[in-house]
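Asks: Generate coordinates for the sequence data below:
(chains A and B)
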Amino acid sequence: MDNSSITTQKVNFKVFRFNADDDYLPYYEDYKMDVTSEEVVLDILNRIKWDHDGSFSYRRSCRHGICGACAIKVNGRSTLACKESMTTMIETFGTDLTIEPLSIKRAVKDMIIDKGDFWEKHDNIHPFLISDVCENPQDEHTVTPKEAEELLDADICIQCGACHYACPVVEINESFMGPAAFAKAYRFEADVRDQAHKERLTELHSENQGVWDCVKCFECAEVCPKDVNPIDKITKLHQMLFREGVATSNVATRHAVGFKHSIAKHGVLDEGGLVLYSEGPAIVKHIPVALKMFTKGKIVLPWAIPKADNLDEIQKLVKSSSTVKF
Amino acid sequence: MEKLKYALFTGCTAKQSTPEQLMSTYAVAKKLNIELVELTEASCCGASHLQDYDDFLSLVLNARNIAYAEKHGLTMVTICNTCQLNTAMTKHRLDNNAELKEKVNVKLREVGLEYKGTSKIIHFLYAIIDDIGLDKIASMVEVPLSKFNIAPFYGCHNIRPSELQNESHNNPENAYNPTSLDDLIIACGGSNVDYDEKNKCCGFHVELQAPKTASILTGNAIAGAIDGNADWMVTPCPLCHLKLDTQTKHASEAIGREVELPVLHMQQMLGLALGCPQEELGMKHHVTKVDFI
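Replies: Residues are numbered from 1 along each chain as shown, chains lettered A, B, ... in the order given. Alright, predicted model coming up:
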């Protein structure tokens, strides 16, 4: 084998260590290693265990990006250890790398975390096909290729948790279901055989835990090692809520719909009008900030909202291109 | 220096709640010899919310905005991260799906327009880095910001998803280690502050439906900058700016710590360094007082 293209670099690893049984607090251990361009992050974890400290613990199994066991964080970035090359890590972060579990607050032993919250949320969205299947079917239950395409890439999620523990909302709000559960929910919502669409969607619509609390940061899409693109599925769930008539009038749905009304009227957004439309009488809570903004010339009064040129064109398009009613 | 010419999609915020951003964009453009043709026909981009309700309508409206930039034969420059996301995402989807593009064009033809896919879409921050260059910008600095530690706050929609980064400019940056704003701070003579929250979310998009989440994210961002010993923050996104500048009371309450720091738009920072007259930079429009000039 020709090894001439393999390069080696010295890398300083700062590795999170913690044993919930013995340690009061976690600590970090430093390891200096020569890392070749051929290695993936999992190779480093193996070398720490095999060459330096046999007690170092992490989950690993398939080594082929299928089982989802070995996700950890490198310099704060969720990473499937067996898939991510060290070359990419060094290119991104340089040669000082911090190795941590997906969630420090859920650490049990070194890289191993208690993933209970992930599985609980996963279970709560009923991640299986709900269908009254005839016990003695006369025909196949056919799904056309076009219908199967609707599942998109949601079907290939390996439940590694990379997106879940990269989501800033999951970090703050323990009720929030998180991007992995949403992507899984979409997988069954998009399945024509499923008969629990509305029940599942109703759960996803609920405040505080459902899809409306997504901050749209795209962290989930960025970290996913399988390109599931969870935020794309979250957007599709938002659309399904309206299309299937499950969406009820609340501040989040009015916020989405309000854009259309404002665009139809002005072409551009009427910022104050949108807040009023979304909040209704609850707008009073925004008054203190609004007053401060007003004194700084940051609020345009309703009668002075600018209008886009060729507004008639925009109005015509809003009429001809609208596909949803609410 | 050769005159640059762009089609400017101002977005809605720059004409309402962040007037200082539009003023400073023009002030900086004048200094850098950039001609901006304002797309006054443009509609709102839907701010990543309209598409949750009606995806097709959102596509048609964004394609219409791009069609106007194409009519001018110019690159479209945005000054809002979310405008950039929605416009670039529309371009990405239409350029990669002929059937969808045709469906959108059927609607646009009703009003005598067509989306072709000929205009590039790029945020002003990246346009000046690509087309003028940081070295050139540094050479034009009249008032170096050497007294200041400045914390860059990138804003999600300029750096994620990275596939749009890769399509929209010459030196796509890494979402986990973005450098453009740090580089611009250095070009302006300032010291860039490195802190964990610089590429994180400000919470703007759930301000109404999940105010607590939004406030904690804002609070964490400002706290990170303060702990990094920043004198002030700088951002390319007017939506992040609104959160960081006007919501400090809620942010402080949410994280149980007083957090307040002046926040400048990237155009204002650049304007200060290039020696633009202060009245052209609109500092009086900030809620959190800009107390260092």
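
Asks: which residues in chain B form strands?
Replies: Taking DSSP state E as the test, the strands found in chain B are B:4-9, B:34-38, B:76-78, B:121-123, B:149-152, B:191-192, B:232-235, B:263-265.

Asks: With the stretch 1-150 of chain A instead?
Replies: A:8-17, A:27-36, A:71-74, A:77-80, A:96-100, A:107-109, A:112-113 (DSSP state E, counting those that start in this stretch).

Asks: Quick one: closest of these to residue B:127.
Replies: strand A:77-80 (27.8 Å; C-beta to C-beta). Glycine gets a C-beta too; all of them are placed from N, C-alpha and C.

Asks: For the closest one, name the packing helices and strands.
Replies: Counting contacts by 3 or more C-beta pairs under 8 Å, 6 or more residues apart in numbering or on different chains; DSSP states H and E, strand A:77-80 is packed against strand A:71-74, helix A:86-93, helix A:219-223.

Asks: Save these as JSON lines, and put in mean pLDDT, distance to chain B and mean neighbour count too.
Replies: Listed next are these as JSON lines, based on pLDDT from 0 to 100; distance: least, C-beta to the nearest C-beta, whole Å; neighbours: other C-beta atoms under 10 Å in any protein chain shown:
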{"stretch": "strand A:71-74", "mean pLDDT": "98", "distance to chain B": "9", "mean neighbour count": "26"}
{"stretch": "helix A:86-93", "mean pLDDT": "95", "distance to chain B": "5", "mean neighbour count": "17"}
{"stretch": "helix A:219-223", "mean pLDDT": "97", "distance to chain B": "5", "mean neighbour count": "26"}
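
Asks: Now tell me which helix or strand of chain A has the poorest mean pLDDT.
Replies: Across the helices and strands of chain A, mean pLDDT, DSSP states H and E gives its lowest value to helix A:145-149, namely a mean of 92.

Asks: So which bits of that one are buried?
Replies: By 16 or more other C-beta atoms under 10 Å in any protein chain shown, helix A:145-149 has no buried positions at all.

Asks: Got the domain ranges for the chain?
Replies: Here I'm looking at chain A. The record's domain parsing of chain A by automatic domain parsing lists A:8-113, A:116-243, A:251-321.

Asks: meant chain B actually
Replies: According to automatic domain parsing, the ranges for chain B are B:4-123, B:134-285.

Asks: Could you check how many residues crowd around the closest residue to residue B:224 other than its chain neighbours?
Replies: Nearest residue to residue B:224, sequence neighbours excluded (C-beta to C-beta, 6 or more residues apart in numbering or on different chains): residue B:197, at 3.6 Å. Residue neighbour count, defined by other C-beta atoms under 10 Å in any protein chain shown, stands at 22 for residue B:197.

Asks: looking at it, residue B:197 is touching residue B:219, isn't it?
Replies: No: contact between residue B:197 and residue B:219 fails when scored by C-beta atoms under 8 Å: they sit 10.0 Å apart.

Asks: Present the domains of chain A as CSV; the columns should include distance to residue B:98.
Replies: Formatted as CSV, these follow (distance: least, C-beta to C-beta, whole Å):
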stretch, distance to residue B:98
domain A:8-113, 32
domain A:116-243, 17
domain A:251-321, 18
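
Asks: Could you tell me the phi and psi values at the closest residue to residue B:146 other than its chain neighbours?
Replies: Among residues not flanking residue B:146 along the chain, residue B:189 sits closest, at 4.7 Å (C-beta to C-beta, 6+ apart). With angles defined as degrees, to the nearest 10, residue B:189 sits at phi 90, psi 0.

Asks: From chain A, how far off is residue B:189?
Replies: Separation of residue B:189 from chain A (C-beta to the nearest C-beta, to the nearest Å): 25 Å.

Asks: How about residues contacting the longest helix along chain A?
Replies: If you go by DSSP state H, chain A has its longest helix at helix A:251-266. Residues from elsewhere that reach helix A:251-266 (C-beta atoms under 8 Å, 6 or more residues apart in numbering or on different chains): A:207, A:212, A:238, A:241-242, A:247, A:268-270, A:273-274, A:277-280, A:282, A:305-308, A:311, A:314-315, A:318, A:322, A:326, B:43-44, B:46-47, B:49-50, B:52-54, B:57, B:61, B:208-209.

Asks: 7 Å instead, please
Replies: For helix A:251-266, contacts defined as C-beta atoms under 7 Å, 6 or more residues apart in numbering or on different chains pick out A:212, A:247, A:269-270, A:273-274, A:277-279, A:305, A:307-308, A:314-315, A:318, A:326, B:43-44, B:46-47, B:49-50, B:52-54, B:57, B:61, B:208-209.

Asks: what does stretch A:209-217 give?
Replies: A:168-169, A:173, A:175-177, A:182, A:203-204, A:231, A:234, A:237-238, A:252, B:48, B:156, B:160, B:201, B:203, B:205-206, B:209-210, B:213.

Asks: ok, now with 8 Å
Replies: So stretch A:209-217 is contacted by A:168-169, A:173, A:175-177, A:179, A:182, A:203-205, A:207, A:231, A:234, A:237-238, A:241, A:250, A:252-253, B:48, B:156-157, B:160, B:200-201, B:203, B:205-206, B:209-210, B:213-214, B:217 (C-beta under 8 Å, 6+ apart).

Asks: returning to what we had before: quick one: closest of the strands of chain B to chain A.
Replies: Relative to chain A, the nearest member of the strands of chain B by C-beta to the nearest C-beta is strand B:34-38, separated by 9.9 Å.

Asks: circling back to that earlier point, give me whichever of the strands of the stretch 1-150 of chain A is most buried.
Replies: Comparing the strands of the stretch 1-150 of chain A by mean neighbour count (mean count of other C-beta atoms under 10 Å in any protein chain shown), strand A:71-74 ranks first with a mean of 26.
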